[in-house]
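# quick one, structure for this:
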Amino acid sequence: MSEAAIKIDDIPLRRRKSDEEVAVLRGTMVGRDPYSVPLEDIDVGQPEIFRDFTMWGFFDRLRKEDPVHYCRDSEFGPYWSVTKYKDIMEVDTNHHVFSSDAHLGGITIGDPDDDFILPMFIAMDPPKHDAQRKVVSPIVAPANLAKLENTIRERARALIDAMPVGKEFDWVDHISIELTTQMLATLFDFPWEDRRKLTRWSDVATTRPGAGIIDTEDQRREELLECLAYFTDLWNQRVNAKEPGGDLISMLAHGESTRNMEPMEYLGNIILLIVGGNDTTRNSLTGGLLALNENPAEYDKLRANPDLIPNMVSEIIRWQTPLAHMRRTALADYELGGKLIKRGDKVVMWYVSGNRDEEVIANPNDFIIDRDRARQHLSFGFGVHRCVGNRLAEMQLKIVWEELLKVHPRIEVVSPPKRVLSSFVKGYEQMMVRIPA
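As a prediction, the model looks like this:
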């Protein structure tokens, strides 16, 4: 491939459709038999099928009949769906052809507006990606994780001790959100009394207007700019410190490749760290409890052998796949699975589908806490963009389950969870549970 083939300067950008155009396309997959829809009309990017949890049949069909599938039109414009494990790996590990650059559309199926692009290191290509990622990597290095373990355990135990027995409560709010928000506040050295602002900004950054969090794109911008103002104050407090702290803001303020960031790039990296530190762990904490309730034999197996917790954590993360997809933009024509992806095309890697690929994962639709090679999943991505905080996420889940089993070996999910309206964050708004008296 020539160097001229991979320049990005003249790749056309696609932007968000009008509200009227979106209204026509939205939700057309809901309630439909996956095999009744013409193959060329399947649009697995529709958030409604994730909220209703009816996307599985569409992904099963695409893996069998058209694993590299072109959707001609959607509310996000045309895009390729890559649905099989090995094809996803091929895209994810080839950053020379498949770009994450925010100015080409970034990492999600939806395109940003020209005047509100948020560069962040996950939405950059090497070498800039590598330099910025290196700045924050020490916070999740093994030595620092060892220091954090006791803090996480103490907080998990306090939250577990505060759970009411014999009464219904919302697991998402009481455990999943609160634990991850406390962890984020620690990593940022963020004012403790304001920590729920982090939860709010995470939700605002990833939601869609009308889903119950924000009403308009203008509201999203307004709240994210409030986030920028808050974090700018924290930056200014720490940038001149004689002894730089070990928190993420101090790392960014003093890092050689991050200390001169433009405001929107700073905001982009802050949003990345908030969402990355929140959604994976938060939704896997909920998804794990739900999976155990849906598979009582596995819950029995866990109670009989708590040593299975580390392996179970990996299975939970595969089963949940808390981020359903990542997107790339092709920098050159490329053949994948017998299909020609054209330069400038949007390519969506559906991790949620690859994690159910029966050609690579045995019995992928079964939740098996002692599964062989449980860490062989796509949920953290691969290649240069593999999740930098994956070990921290695994450690938090492991600690929560260790502490839960000590005092509450059974927690019952009492009603179906309320799922997030998103084809990016595969998560939960609410899940009511009860601890038997």
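# residue 221 and residue 116 touch, don't they?
Yes: using CB atoms under 8 Å, residue 221 is in contact with residue 116, at 5.8 Å. From N, CA and C alone the C-beta is placed, and that goes for glycine too.
# I'd say residue 315 and residue 374 touch.
Yes: contact criterion CB under 8 Å: residue 315 and residue 374 qualify, at 4.7 Å.
# so where's the stretch 251-400 of the chain uncertain?
Within the stretch 251-400 of the chain, no range satisfies pLDDT under 70.
# from residue 426, how far out is the spatially most central residue of the chain?
In the chain, the centroid-proximal residue (CA atoms, centre = their mean) is residue 323; its distance is 3.2 Å. Taking CB to CB, to the nearest Å as the measure, residue 323 falls 7 Å from residue 426.
# repeat for residue 160
From residue 160 to residue 426 the distance is 25 Å (CB to CB).
# looking at these two, which is more packed in?
Using other CB atoms under 10 Å as the criterion, residue 160 and residue 426 rank with residue 426 on top: 24 against 19.
# mind listing what the nearest residue to that one once chain neighbours are set aside touches?
Among residues not flanking residue 426 along the chain, residue 324 sits closest, at 4.4 Å (CB to CB, 6 or more residues apart in numbering). Taking CB atoms under 8 Å, 6 or more residues apart in numbering, we find residue 324 in contact with 50, 350, 351, 352, 422, 423, 424, 425, 426.
# which parts of this structure are strands?
Assigned by DSSP state E, the strands in the chain fall at 68-71, 79-82, 98-99, 168-170, 325-330, 334-336, 339-341, 346-350, 412-413, 418-419, 428-430, 432-434.
# could I get these as a markdown table with distance to residue 247 and mean neighbour count?
Shown next, in a markdown table, are the strands of the chain (distance: least, CB to CB, whole Å; neighbours: other CB atoms under 10 Å):
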| stretch | distance to residue 247 | mean neighbour count |
| --- | --- | --- |
| strand 68-71 | 42 | 20 |
| strand 79-82 | 37 | 25 |
| strand 98-99 | 31 | 24 |
| strand 168-170 | 30 | 16 |
| strand 325-330 | 27 | 24 |
| strand 334-336 | 41 | 16 |
| strand 339-341 | 41 | 16 |
| strand 346-350 | 32 | 26 |
| strand 412-413 | 36 | 15 |
| strand 418-419 | 33 | 18 |
| strand 428-430 | 29 | 18 |
| strand 432-434 | 33 | 19 |
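# just send those strands back as CSV, with distance to residue 271 too.
Listed next are those as CSV, based on distance: least, CB to CB, whole Å:
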stretch, distance to residue 271
strand 68-71, 27
strand 79-82, 23
strand 98-99, 20
strand 168-170, 25
strand 325-330, 16
strand 334-336, 30
strand 339-341, 28
strand 346-350, 20
strand 412-413, 31
strand 418-419, 22
strand 428-430, 20
strand 432-434, 30
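# out of the contacts of residue 324, which end up buried?
Buried members of the contacts of residue 324, counted by 16 or more other CB atoms under 10 Å: 50, 350, 351, 352, 422, 423, 424, 425, 426.
# show me the contacts for the third one.
Residues in contact with residue 351 (CB under 8 Å, 6+ apart) are 88, 321, 323, 324, 325, 326, 378, 379, 381.
# doesn't residue 349 make contact with the first one?
Right, residue 88. Yes: using CB under 8 Å, residue 88 makes contact with residue 349 at a distance of 4.6 Å.
# list the residues that contact both of those two?
Contact criterion CB under 8 Å, 6+ apart; residues shared by residue 88 and residue 349: 82, 378.
# neighbours around the closest residue to residue 133 other than its chain neighbours, how many?
In space, and not counting its chain neighbours, residue 133 is closest to residue 121: 5.0 Å by CB to CB, 6+ apart. Per other CB under 10 Å, the neighbour tally for residue 121 reads 25.
# how about residue 114?
9.
# one more: the one 10 residues further on?
Around residue 124 sit 27 other residues, with neighbours defined as other CB under 10 Å.
# distance check, it against residue 384.
To residue 384, residue 124 is 10 Å away according to CB to CB.
# distance of the residue nearest to the centre of the chain relative to residue 279?
Distance of residue 323 to residue 279, computed by CB to CB: 7 Å.
# could you tell me which residues touch both of these two?
The contact sets of residue 323 and residue 279 overlap at residue 425 (CB under 8 Å, 6+ apart).
# show me the contacts for the residue lying closest to residue 225 once chain neighbours are set aside.
Spatial nearest neighbour of residue 225, excluding adjacent residues (CB to CB, 6+ apart): residue 267 at 7.8 Å. Residue 267 sits next to 118, 224, 225, 227, 228, 231 when contact means CB under 8 Å, 6+ apart.
# out of those, which end up buried?
Buried subset of the contacts of residue 267 (neighbour count, 16+ other CB under 10 Å): 118, 224, 227, 228, 231.
# now the last one: how far from residue 214?
Just to be clear, that refers to residue 231. In this view, residue 231 and residue 214 are 19 Å apart by CB to CB.
# kindly report the same for the first one.
As judged by CB to CB, residue 118 and residue 214 stand 16 Å apart.
# got the residue ranges for the helices in the stretch 251-400 of the chain?
263-294, 296-304, 309-320, 351-354, 390-407 (DSSP state H, counting those that start in this stretch).
# could you dump those helices to TSV with distance to residue 414?
TSV is the format used below for the helices of the stretch 251-400 of the chain (distance: least, CB to CB, whole Å):
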stretch	distance to residue 414
helix 263-294	9
helix 296-304	15
helix 309-320	20
helix 351-354	26
helix 390-407	17
